[in-house]
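Student: Give me a 3D structure for the following:
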Amino acid sequence: SSLGGEVIFSTDDWFAAAEMLLSTEEPQWREGFTEQGKWMDGWETRRKRIPGHDWCIIKLGLPGKVCGIELDTSFFTGNFAPRASVQAIWLDELPVLEARSGGAGKAASKHQFTTAEKLRSDK
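Tutor: Numbering: from 1, shown residues only. As a prediction, this is how the structure comes out:
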């Protein structure tokens, strides 16, 4: 996020918002709870009760070539995704997506899902 990157879509931000993926801060442990549960230093979604997985779309702040990515699961002991994948696409214009109202305690609406899926980022 220090270069202008931003989360433009997230399936679920229940316990902690996807914007935490862009943090440049060192991971930290913090005692205490939020309205949604234990405070977490990272993107934390609800347990899936439907098929599929949680995902987000991150708009990079600058054009370029992604040569690496770091997914730090510090402090997610026993509570982390067993795997992750990253897909990338060059778009000449930004997709028209409903603006995010960031923060924990939220999930994508059916309309947001439908619009984001039109990008076919899984193909």
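
Student: Following the chain onward from the helix-or-strand element of the chain with minimal mean pLDDT, which element is next?
Tutor: In the chain, the helix or strand scored least confidently by mean pLDDT, DSSP states H and E is strand 37-38, which has a mean of 80. Later in the chain than strand 37-38, the nearest helix or strand by DSSP states H and E is strand 56-59.

Student: elements contacting that following strand?
Tutor: Judged by 3 or more C-beta pairs under 8 Å, 6 or more residues apart in numbering; DSSP states H and E, the packing partners of strand 56-59 are strand 6-10. The way it works is simple: take the backbone N, C-alpha and C, and place the C-beta from them, glycine included.

Student: Can you tell me what sits against the helix or strand just after the strand it packs on?
Tutor: Elements were assigned by DSSP H and E; along the chain past strand 6-10, the next helix or strand is strand 12-13. Contact with strand 12-13 is made by 43, 45-46, 54, 102-108, as judged by C-beta atoms under 8 Å, 6 or more residues apart in numbering.

Student: State the mean pLDDT of the helix or strand just after strand 12-13.
Tutor: Downstream of strand 12-13, the first helix or strand assigned by DSSP H and E is strand 33-34. If you average the pLDDT over strand 33-34, you get 86.
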